[in-house]
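**Q** Predicted coordinates and the sequence they were generated for:
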Amino acid sequence: MLNRLLRVKAWLLLIVLGKALSINSPAYAQIIPTNPQQPEFFQERIRQQQEEQNQRTQEQFNETLLRQQFQQPQLQQQLRLQQQQFTQQQQELIRQQQLRLQQEQLRLQWQDFTRQQQLRIQQQQFRQDQQIRQQQQLRLQEQIRQQQFRQQNKNL
């Protein structure tokens, strides 16, 4: 966070200095008519222009520093807000993942419960079928016994 702020300040400083240097370049220099009879006037005029330019550059630099000092608390506040938003987003993602995991666990538990229920139902049906077969077998045996008994009675 501090590194980013320092980089922003360095870029702003480079921009201001670049503008100041480009303004001091010969392409921006004013053409002053030279008069060989007045070399002192010419030198004085150049010195005044340089002082004016230096003053403008210093004012621009000071203005940039003031702007940076004014913006620094805002930038720090903005960074804090962004960090808070990021933290909130992370917490929300974690919460959603936990919710998905809980849903998946519930789904698996429901599947397990359903399988167990189906198994119980199958076991119960199997026992009922067994009981029915046993009862049918007992009836059949009883019928056979009674028939044999009747047959014996007839034969006697």
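**A** Okay, I see it.
**Q** Check which helices and strands the lengthiest helix in the chain is in contact with.
**A** As assigned by DSSP state H, the longest helix anywhere in the chain is helix 39-155. Applying 3 or more C-beta pairs under 8 Å, 6 or more residues apart in numbering; DSSP states H and E, we find helix 39-155 packed against helix 2-23. To be clear about C-beta, it is placed using only N, CA and C from the backbone, and glycine gets the same treatment.
**Q** what packs against the helix it packs on?
**A** Applying 3+ C-beta pairs under 8 Å, 6+ apart, one finds that helix 2-23 contacts helix 39-155.
**Q** Compute the inter-axis angle for the helix it packs on and helix 2-23.
**A** With axes from the mean of the first three to the mean of the last three C-alpha atoms, to 10 degrees as the basis, helix 39-155 and helix 2-23 are set at 150 degrees to each other.
**Q** follow-up on the earlier one: how distant is the longest helix of the chain from the center of its chain?
**A** 13 Å (C-alpha atoms, centre = their mean, to the nearest Å).
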